[in-house]
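1. got a predicted model here, sequence first, then my questions.
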Amino acid sequence: MQSFRQWASGVWSGLRTTFIGLSITIPYLFRKPYTLQYPEELPDIPDTERGLHNFEIDKCIACDQCAKICPVDCITIEAEGKGKFARMTKYEIDYTKCLFCALCTEPCPTDCIHMGPTYDLVGYTREEVIIDYADRENPRTFSGEEKIPYPLANMMRK
Amino acid sequence: MSLSLLAGAETQAMSTHIANFVADFVGLEATWPFHALSMLVVATVVVLVFVTPAGLAGIYLERKIAGRAQNRVGPNRVGPYGLLQTLADGVKLLTKEDYIKPGTDEALFRFAPYIVFLSVFAGICVMPFGPGLTPANLDVGLFFFLAMIGIETIGIVMAGWASNNKWSLLGSMREVAQVISYELPLGLSAMVPVIAAGSLSLVELTDYQQGPIWNWFIIRNGYYAIVGIPAFLVFFVSGLAACKRAPFDLPEAESELVAGFHTEYSGMRFGMFFLPEYVLMLTVACVSTVLFLGGYHDPFGLSAEGGMFHGVLWWGVMWFMGKSILSWLLVMQLRWTLPRLRVDQVMYLCYKVLLPISLVLILLVAALKLIEGAN
């Protein structure tokens, strides 16, 4: 009789715990999923996000301060002329090296380089992620609202 | 032809009609080969029209539920709401390389998926999907279904043995041990409504439960609930084990056995294991609907004899599929609820819990039947 009682209580607890388990998992069917439908939906980016640089070429005086402070030497600047007549020919950031430390934004005397909110830069080759901000034929800016260098994402967002 | 199908004509009558038509056409007497062939055609068409889409939908539903149970979304890219995902996967499986690794027993390896596929689809042939819509109305339909579950095991053993892979072999051995054990409580708990109805034919079992909801076997006349509800639970649990679903998915336990018996299969040969798995799940859900939940009869008694919807095909199919899909969803939800059992726990549950309970239930239902007969 003792062993029968043990058996019966085992059967009952198996049944009971199954229903407890179901009562936990079934509500999940009616819960909103956490998945973010990237690239149609974008995650919330904090204001202090250190993404791709937001570079204002009109303010830049090609003083080379940012390139000097960069710990990984990922910024290459070339300019023609001196002082007021300086004209940028190349402002290249190598994103294969950049570690997004934001040190380059600090010494800038004209406050022309900021860290932007864009984070999704992809390319098929290494050259595709070396971005020349001074390229006047194909200007690239990453202030968040403009074009994103990811063709699929652009397509989906339309 | 399709019109008479919609109007609820008997599949039997339809196959006779086809046999006569074909015999007329070729100018011969409508002898048994014609009848056999036309029955085959009707059964195939019904199974293809009902079961294959249901199996595909089941895979989609499973993935959706798996997603939602984990706070994911599930497939939503291919087609509206991801509905075409299963088709896309089917295309992927069809175009994959049919690889047979060296060292396999090639004949068995090639033949095994067909046995699994055929036995599972043969098993669902006896299901009464609606009034008059039974692909093969056998007098021993329930017995046939149980036999087909047994035959499916042979295909799985063949696959595991022929793969020349120890994980596959272990998986298929587990499958055999499990299915052979669980056939006992499955068959015995199915005997409970059979004793009450006095027939093994799934159509007669369904019609035995016609009328309002208290005529369904699970709570028949109130007092049958003492055998109906436990028998339903025993049948459901053994059914889970028979179609090797979680928490009884030991034969394909991913964390221990890679994928069990179908580790070495790729492409459409893998698909031939995968689709039957879902169809078998649907079959078990259908049989539990037929045995305990009134089959194609609705809970209001409208489809009973003399009712408003008596013999109306779409009404019956709607209720049958609705009830089956509900228990199918429960099977899927259980997968994301319960952890996998150990082998010894599986055997304990079968031989020490389900088997004694189903034997006691058989005694009880026989006593109830006797008392009912005496009054």
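-> Alright, I've got the coordinates. Here the structure is a predicted model, which means the values were calculated and not measured. Residues are numbered from 1 along each chain as shown, chains lettered A, B, ... in the order given.
2. check the gap between residue A:51 and residue B:203 for me.
-> Distance from residue A:51 to residue B:203, counting by CB to CB, to the nearest Å: 67 Å. (Each C-beta comes from the backbone N, C-alpha and C, glycine too.)
3. out of the two, which sits in the busier spot?
-> Neighbours were counted for residue A:51 and for residue B:203 using other CB atoms under 10 Å in any protein chain shown; residue B:203 has more, 21 against 16.
4. what helix or strand does the closest residue to residue B:148 other than its chain neighbours sit in?
-> Distance criterion CB to CB, 6 or more residues apart in numbering or on different chains; nearest residue to residue B:148, sequence neighbours excluded, is residue B:123 at 3.4 Å. Per DSSP states H and E, residue B:123 falls inside helix B:106-124.
5. and residue B:152, by the same measure?
-> Secondary structure (DSSP H and E) places residue B:152 in helix B:141-162.
6. kindly export that helix (C-alpha atoms) in PDB.
-> Output in PDB follows, covering the C-alpha atoms of helix B:141-162 (Å, rounded to 0.1, in the frame of the first residue of the first chain):
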ATOM      1  CA  GLY B 141      -9.300   0.900 -39.300                       C
ATOM      2  CA  LEU B 142      -7.900   1.400 -35.900                       C
ATOM      3  CA  PHE B 143      -6.000  -1.900 -36.000                       C
ATOM      4  CA  PHE B 144      -4.600  -0.900 -39.400                       C
ATOM      5  CA  PHE B 145      -3.400   2.400 -38.000                       C
ATOM      6  CA  LEU B 146      -1.600   0.700 -35.100                       C
ATOM      7  CA  ALA B 147       0.000  -1.800 -37.600                       C
ATOM      8  CA  MET B 148       1.200   1.000 -39.800                       C
ATOM      9  CA  ILE B 149       2.900   2.700 -36.800                       C
ATOM     10  CA  GLY B 150       4.700  -0.700 -36.200                       C
ATOM     11  CA  ILE B 151       5.800  -0.900 -39.900                       C
ATOM     12  CA  GLU B 152       7.200   2.600 -39.800                       C
ATOM     13  CA  THR B 153       9.600   1.400 -37.100                       C
ATOM     14  CA  ILE B 154      11.000  -1.100 -39.600                       C
ATOM     15  CA  GLY B 155      12.000   1.700 -42.000                       C
ATOM     16  CA  ILE B 156      13.700   3.500 -39.200                       C
ATOM     17  CA  VAL B 157      15.700   0.400 -38.100                       C
ATOM     18  CA  MET B 158      16.700  -0.100 -41.700                       C
ATOM     19  CA  ALA B 159      17.900   3.500 -41.900                       C
ATOM     20  CA  GLY B 160      19.800   3.300 -38.700                       C
ATOM     21  CA  TRP B 161      21.400   0.000 -39.500                       C
ATOM     22  CA  ALA B 162      22.300   0.800 -43.100                       C
END
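7. and that helix, how far out from the chain's middle?
-> Chain-centre distance of helix B:141-162: 13 Å, with CA atoms, centre = their mean, to the nearest Å.
8. give me the buried positions along that helix.
-> Of the residues in helix B:141-162, B:141-146, B:148-149, B:152-153, B:155-162 count as buried by neighbour count, 16 or more other CB atoms under 10 Å in any protein chain shown.
9. what about residue 25, how many neighbours?
-> No chain was given, so I picked chain A. Residues near residue A:25, counting by other CB under 10 Å: 19.
10. should've been chain B
-> The burial count for residue B:25: 8, using other CB under 10 Å.
11. same check, this time on residue B:105
-> So residue B:105, with other CB under 10 Å, has 14 neighbours.
12. spatially nearest residue to it (excluding sequence neighbours)?
-> Per CB to CB, 6+ apart, closest to residue B:105 is residue B:162, 4.0 Å.
13. chain A versus that neighbour, what's the distance?
-> Residue B:162 is 37 Å from chain A, where distance means CB to the nearest CB, to the nearest Å.
14. same question for residue B:212.
-> Distance from residue B:212 to chain A, counting by CB to the nearest CB: 27 Å.
15. between the helix or strand hosting residue B:50 and helix B:106-124, what angle do the directions make?
-> In this structure, residue B:50 sits in helix B:32-69 according to DSSP H and E. Angle, helix B:32-69 to helix B:106-124, by axes from the mean of the first three to the mean of the last three CA atoms, to 10 degrees: 90 degrees.
16. so for helix B:32-69, what gets flagged as buried?
-> For helix B:32-69, using 16+ other CB under 10 Å, the buried residues are B:34-35, B:38-39, B:42-43, B:45-47, B:50-51, B:54-69.
17. strands of chain A, start to end?
-> Ranges of strands in chain A, per DSSP state E, are A:53-55, A:75-80, A:87-94, A:113-115, A:130-132.
18. so which bits of the stretch 201-350 of chain B are right by chain A?
-> Contact residues, the stretch 201-350 of chain B versus chain A (CB under 8 Å from any CB of the partner chain): B:233, B:333-334, B:336-338, B:349.
19. specify which member of those is nearest to residue A:107.
-> Here the nearest of those to residue A:107, counting by CB to CB, is residue B:336; it sits at 55.1 Å.
20. got the contact list for the closest one?
-> Contact analysis of residue B:336 by CB atoms under 8 Å, 6 or more residues apart in numbering or on different chains lists A:25, B:65-66, B:69-70, B:246.
21. where in chain A is pLDDT low?
-> Residues of chain A meeting the criterion pLDDT under 70: A:83-84, A:138-158.
22. spell out which parts of it neighbour chain B.
-> So chain A meets chain B at A:7, A:10-11, A:14-15, A:18, A:21-22, A:24-26, A:28-29, A:31, A:33-35, A:37 (CB under 8 Å from any CB).
23. before we move on, back to that, want to try JSON lines for the strands of chain A, with distance to residue B:106 and mean neighbour count as columns?
-> Shown next, in JSON lines, are the strands of chain A (distance: least, CB to CB, whole Å; neighbours: other CB atoms under 10 Å in any protein chain shown):
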{"stretch": "strand A:53-55", "distance to residue B:106": "61", "mean neighbour count": "22"}
{"stretch": "strand A:75-80", "distance to residue B:106": "62", "mean neighbour count": "16"}
{"stretch": "strand A:87-94", "distance to residue B:106": "55", "mean neighbour count": "17"}
{"stretch": "strand A:113-115", "distance to residue B:106": "62", "mean neighbour count": "20"}
{"stretch": "strand A:130-132", "distance to residue B:106": "54", "mean neighbour count": "19"}
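24. quick one: the helices in the stretch 101-250 of chain B?
-> B:106-124, B:141-162, B:166-197, B:202-208, B:225-242 (DSSP state H, counting those that start in this stretch).
25. from residue A:43, how far off is the spatially most central residue of chain A?
-> Residue closest to the mean C-alpha point of chain A, counted by CA atoms, centre = their mean, is residue A:119 at 1.9 Å. For residue A:119, the distance to residue A:43 (CB to CB) stands at 9 Å.
26. let's verify residue B:361: helix, strand, or coil?
-> For residue B:361, the assignment made with DSSP: H, G, I helix; E, B strand; the rest coil gives helix.
27. that one reaches residue B:234, doesn't it?
-> Yes: using CB atoms under 8 Å as the test, residue B:361 is close enough to residue B:234 to be in contact (7.1 Å).
28. can you list the residues of the stretch 51-200 of chain B near chain A?
-> Residues of the stretch 51-200 of chain B found near chain A, taking CB under 8 Å from any CB as the criterion, are B:65, B:67-73, B:76.
29. now the two most distant members of those residues.
-> For these, the maximum inter-member distance is 15.7 Å, found between B:69 and B:76 (CB to CB).
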